[in-house]
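Chemist: sequence and predicted structure are below.
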Amino acid sequence: QVQLAESGGGSVQAGESLRLSCVASLRAFANYAMGWFRQAPGKEREFVAAIFATEYYGASFEGRFTISRDNAKNTLYLQMNSLKPEATAVYYCAQYSGGTYTSPGAYNHWGQGTQVTVSS
């Protein structure tokens, strides 16, 4: 059974940075594309970034957020810089299984999420 466990969320001030981590219980982790999504209260789950052989970002995040991975540690990261209050949400990592990578339906395993709160 695949398990994904996010960590690194917290409460920060606007302009500060956070790095989220996601440890995956996946054999051959390096063979899987992975993604980050976020969901704010009352809103749909939103694509943040995905990592294949290259990285892809949602339009709102490129330049401030960086997705990366350490295959030796089975860990996915999301570095978030210059955070704004509108970044407040629960952030999820997910394993890509096929389809449009910006769609939550393209991912078949999800973590429990980690809360990020940005105050002004």
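Modeler: Received, thanks.
Chemist: list the residues that contact Glu86.
Modeler: By Cβ atoms under 8 Å, 6 or more residues apart in numbering, Glu86 lies in contact with 40, 118. Using the backbone N, CA and C atoms, a C-beta is placed for each residue, glycine as well.
Chemist: try 10 Å
Modeler: Residues in contact with Glu86 (Cβ atoms under 10 Å, 6 or more residues apart in numbering) are 14, 40, 60, 118, 120.
Chemist: can you flag the buried ones in the residues you listed?
Modeler: For the contacts of Glu86, a burial check counting by 16 or more other Cβ atoms under 10 Å picks out Val118.
Chemist: report the two of the contacts of Glu86 separated the most.
Modeler: Ser60 and Ser120 (17.5 Å; Cβ to Cβ).
Chemist: return the set of buried residues in stretch 30-48.
Modeler: 32-38, 45-48.
Chemist: mean confidence (pLDDT) on it, please.
Modeler: Stretch 30-48 shows a mean pLDDT of 97.
Chemist: run the chain-centre distance for it.
Modeler: Distance of stretch 30-48 from the chain centroid (Cα atoms, centre = their mean, to the nearest Å) equals 6 Å.
Chemist: OK, contacts around Phe65?
Modeler: 20, 36, 48-49, 55, 57-58, 78-83, 87.
Chemist: pick the one among those closest to Leu4.
Modeler: Trp36 (10.9 Å).
Chemist: can you list the strands that the helix or strand harbouring the closest one pairs with?
Modeler: For Trp36, the host element (DSSP states H and E) is strand 34-39. Under the criterion DSSP bridges, strand 34-39 sits next to strand 46-51 (antiparallel), strand 89-96 (antiparallel) in its sheet.
Chemist: okay, the ones you listed in JSON lines with distance to Asp70 next?
Modeler: Output for those, formatted as JSON lines (distance: least, Cβ to Cβ, whole Å):
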{"stretch": "strand 46-51", "distance to Asp70": "11"}
{"stretch": "strand 89-96", "distance to Asp70": "13"}
